[in-house]
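# Only the shape, not the letters, is given here:
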């Protein structure tokens, strides 16, 4: 289990003061934002309660091309071209349109950090506080109040820097996941859609070198996933290990609020139904970092960055809402129909197209095109330049005054 890396004694220096950019949260999304700022000359402070790469809360699987395009392939542990799906009435193997890799969380985070020139400190974020400084946002931490004109909340589903009451499980739009990492080896990337383990959700076993990541994800936050995680691990004979888990947002949320930028789980950037949130965190983190860099380099104002990033986030809402509808539909499908549907998806042209479109969401080409230093063109131009990326996105939509807003 992760050990919180809060500094003590003489190391607990006061962090109070002003920075150009404050990024709260040092996992996938926060590190990606900081990475996009590298070489800009900005004074960037990245803070987290844990050391970089210290606290894994994910099964850590992603389309291989994302690792390749970001120069993170060293973190790869295993690669898969198919997924074996077990149901209550049989199994089927699906050919994936792109290979998927499991990776080492610590190594990937360290590689992302190597691409940054920011300052990192361990600190607990308590929330926003009032400030008398014009144009600055003040964030209270356990090591002082830090002010910056640009502030990013990449702290996760709690959305700590948002104004107003924070939603809490089990009443919030959250799924829950729990996982064990027994020492074992396997060549199969496996998913279970079986109500023996979870009424609404799925189980998984993702091999990663010398361990297999076995877990249960439930769309119902009230369902206790620990007993069935144990049951699944026992059924496949994987052995026991320590638990890791987290709440998983399954609804897209506003990406900006009161001058703060939200990314990753704090913005609901986790795909419903599959609970896949790593590539979307890297994707939206890349987009946000590009916008913030443009502000620091005086290519646009903060207000323009807020509008651009908001519109970029909202342009993806139809895909998130479609996935959420599928998440709600899945538990209603009769168990005997699950395997035939999956078989049709794997063998028919429509099913293959649906799989391709799913993996096409948050395409890895985005990272390569916007690798730092970012290209000096709009996010709309970048996305439309990618194959099939702009087919069904509405980029130019009227704002409240009826004007066209360019992303």
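Arrived safely, thanks for sending. Remember, predicted model here, so these are calculated numbers, not experimental data. Numbers count the residues shown, from 1 in each chain.

# CA atoms for contacts and neighbours, from now on please.
Will do.

# Okay, now the unreliable bits of the stretch 101-250 of the chain?
165-166 (pLDDT under 70).

# A strand includes residue 100, no?
Yes - counting by DSSP: H, G, I helix; E, B strand; the rest coil, residue 100 falls inside a strand.

# OK, contacts around it?
61, 62, 63, 64, 79, 80, 81 (C-alpha atoms under 8 Å, 6 or more residues apart in numbering).

# Which parts of the stretch 151-300 of the chain are strands?
174-180, 190-193, 201-208, 211-218, 243-249, 256-257, 260-262 (DSSP state E, counting those that start in this stretch).

# Nearest to residue 104, out of those strands?
Among these, strand 201-208 comes nearest to residue 104, with 7.9 Å by C-alpha to C-alpha.

# Give the pairing partners of that closest one; include direction for each.
Next to strand 201-208 in the sheet, as set by DSSP bridges, lie strand 190-193 (antiparallel), strand 211-218 (antiparallel).

# out of those strands, deepest packed?
Sort those by mean neighbour count, taking mean count of other C-alpha atoms under 10 Å, and strand 211-218 sits at the top with a mean of 26.

# now it and strand 174-180, what's the angle there?
150 degrees (axes from the mean of the first three to the mean of the last three C-alpha atoms, to 10 degrees).

# circling back to that earlier point, how about a markdown table for the strands paired with strand 201-208, with distance to residue 303 added?
Formatted as a markdown table, those follow (distance: least, C-alpha to C-alpha, whole Å):
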| stretch | distance to residue 303 |
| --- | --- |
| strand 190-193 | 44 |
| strand 211-218 | 38 |
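
# Identify whichever of the ones you listed lies nearest to residue 268.
Short answer: strand 211-218, nearest of the strands paired with strand 201-208 by C-alpha to C-alpha, at 16.5 Å.

# Distance from the closest one to the middle of the chain?
Relative to the centre of its chain, strand 211-218 is centred 17 Å away, using C-alpha atoms, centre = their mean, to the nearest Å.

# ok, and what's touching that strand?
With C-alpha under 8 Å, 6+ apart, strand 211-218 has contacts from 59, 175-186, 197-207, 225, 228-229, 232-233, 238.

# where does the stretch 251-400 of the chain have low pLDDT?
Counting by pLDDT under 70, the ranges of the stretch 251-400 of the chain that qualify are 371-400.

# can you rerun that using 90?
341-360, 365-400 (pLDDT under 90).

# Identify whichever of the strands paired with strand 201-208 lies nearest to residue 15.
Comparing the strands paired with strand 201-208 by C-alpha to C-alpha, strand 211-218 comes nearest, at 37.6 Å.

# quick revisit: okay if I get the contacts of residue 100 as CSV plus secondary structure, pLDDT and neighbour count?
Output for those, formatted as CSV (DSSP: H, G, I helix; E, B strand; the rest coil; pLDDT from 0 to 100; neighbours: other C-alpha atoms under 10 Å):
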residue, secondary structure, pLDDT, neighbour count
61, strand, 96, 23
62, strand, 96, 21
63, strand, 95, 22
64, helix, 96, 22
79, strand, 98, 21
80, strand, 98, 19
81, strand, 96, 16
